[in-house]
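[1] Here is a sequence with its predicted model. Questions after.
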Amino acid sequence: MPDAIESSEAMSAASGNSKVVLQKTLKASIGCTGIGLHSGKKVAMSLNPAAPDTGIVFHRSDLEGTDRIIPARWDHVVDTRMATTIGNESGACVSTVEHLMAALAGCGIDNAIIEIDGAEVPVMDGSSAPFIFLVECAGMVEQASPRKAIKIEQPIEVGDAEKFVSATPDETFSVAFEIDFEDAAVARQHLSMRLVNGTFKTEIARARTFGFVHEVDALRKAGLALGGSLDNAVVISGDTILNGDGLRYEDEFVRHKILDCVGDLYLAGAPIIGQIDALRSGHALNNQFLISLFANEDAWSYVEMSNAAVPGVSHSWDQESELAIA
């Protein structure tokens, strides 16, 4: 169990009136089992506390030595077909990390070791909500190290007129996303959301992954979606939703795309402060955005987070209280 403190009062005193935002990890370990959305294989996974500045790291418990260690970072992404897969130099991989990463982002977990005995994160119900439940059951604890964020300093964009991801400087983390599908049940949806003060949990986390009946055969021939079902995905046939319980939100599809985007962008290794705009983006373009961002040193900077805010302006990245950039 890493050293931790229960509040940031000590660091607050050292920094005047501003209260430094501290890194967080899990208070205890907690586990779950499920099947992989694409592999269809049963997998056991546990979320565990980690020391400050560890970041999010996956450990393949079915492997040995250093081969088992896979940092959850943008520069370890090795595949983006239908999901985000991370890997290491030894070829060990973990796929479909985006829903879990989104949950850790939404809960503000900076450091965790994810033990997993297979090559794919369990899909659970197809959303981030079960992972948020696990984190809340385990509890969270602050650590004696300040939390850093990646502040967008200059506009940056990847893609083209048909699909893109862009970021512009802002005082909060927000995502505006637009999708456009031929299927009438989805069609065009747009949502802009400021992801601060628990908004991810209340407005985004329950949105499930979705797929189309006409794509199922091709996906399964490619070895994908082998574990998909009406229990863990919204399935669409033309203008019909095949799930008996219908949708959780009227615009559940665009909300899930925001969920995926949040998870993919948390592979930056720290929360992002800025306005994200996306059109028809997916895992590949989300990762390309991070590659381009880190290649342009003038477009971003690391900043420590504190609550020394301009009055009335929230600078947090989905924290329970209003925070600011120091």
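    On my side now, so go ahead.

[2] Which stretches in the stretch 151-300 of the chain count as helices?
    Assigned by DSSP state H, counting those that start in this stretch, the stretch 151-300 of the chain shows helices spanning 199, 213-221, 252-265, 283-295.

[3] can I get the ones you listed in CSV with distance to Ala92?
    The way it works is simple: take the backbone N, C-alpha and C, and place the C-beta from them, glycine included. Formatted as CSV, the helices of the stretch 151-300 of the chain follow (distance: least, CB to CB, whole Å):
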stretch, distance to Ala92
helix 199, 35
helix 213-221, 24
helix 252-265, 20
helix 283-295, 19
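
[4] and of those, who's closest to Val21?
    helix 199 (17.4 Å; CB to CB).

[5] Which strand residues bridge the spatially closest residue to Val213 that is not a sequence neighbour?
    Closest residue to Val213 apart from its sequence neighbours, by CB to CB, 6 or more residues apart in numbering: Ser237 at 4.3 Å. Assessed by DSSP bridges, Ser237 has beta-bridge partners Thr240.

[6] For the residue nearest to the spatial centre of the chain, which residues are in contact?
    Nearest to the mean C-alpha position of the chain, counting by CA atoms, centre = their mean, stands Gly263 at 1.7 Å. Neighbouring residues of Gly263 by CB atoms under 8 Å, 6 or more residues apart in numbering: Thr84, Val97, Glu98, His99, Leu100, Met101, Ala102, Ala103, Ala105, Ser128.

[7] which one of the residues you listed is nearest Glu162?
    Thr84 (21.1 Å).

[8] Would you mind measuring from the closest one to Gly31?
    22 Å (CB to CB, to the nearest Å).

[9] Tell me which of those two has more neighbours.
    The residue with more neighbours, out of Thr84 and Gly31, is Thr84; 28 against 13, by other CB atoms under 10 Å.

[10] The more buried one reaches Leu267, doesn't it?
    Yes. Here Thr84 lies in contact with Leu267, judged by CB atoms under 8 Å, at a distance of 7.4 Å.

[11] what do these two both touch?
    Val77, Val97, Met101, Asn287.

[12] By neighbours, which of the residues you listed wins?
    Val97 (28 neighbours).

[13] Spit out the contact partners of that one.
    Phe58, Ala72, Ala83, Thr84, Thr85, Ile86, Val121, Gly263, Leu267.

[14] Next up, the contacts around Gly269.
    Counted by CB under 8 Å, 6+ apart, Gly269 has contacts Gly55, Arg73, Trp74, Ile150.

[15] quick one: contacts of stretch 284-292?
    74-75, 77, 80, 84, 156, 158-159, 163-165, 167, 260-261, 264-265, 267-268, 278, 281.

[16] nearest to Thr209, of the contacts of Gly269?
    Closest approach between the contacts of Gly269 and Thr209, by CB to CB: Trp74, at 21.1 Å.

[17] I'd say the closest one and Ile272 touch.
    No. Trp74 lies out of contact with Ile272 (CB under 8 Å); the separation is 11.3 Å.

[18] distance of the residue nearest to the centre of the chain from Met101?
    Gly263 sits 4 Å away from Met101 when distances are taken as CB to CB.

[19] shared neighbours, these two?
    Joint contacts of Gly263 and Met101 (CB under 8 Å, 6+ apart) are Thr84.

[20] Buried residues in the host helix or strand of Ser301, which are they?
    Assigned by DSSP states H and E, Ser301 belongs to strand 300-306. Residues of strand 300-306 classed as buried by neighbour count (16 or more other CB atoms under 10 Å): Trp300, Val303, Met305, Ser306.

[21] pLDDT averaged over it - what is it?
    Mean pLDDT, strand 300-306: 94.

[22] any idea of the angle that strand forms with helix 283-295?
    90 degrees (axes from the mean of the first three to the mean of the last three CA atoms, to 10 degrees).
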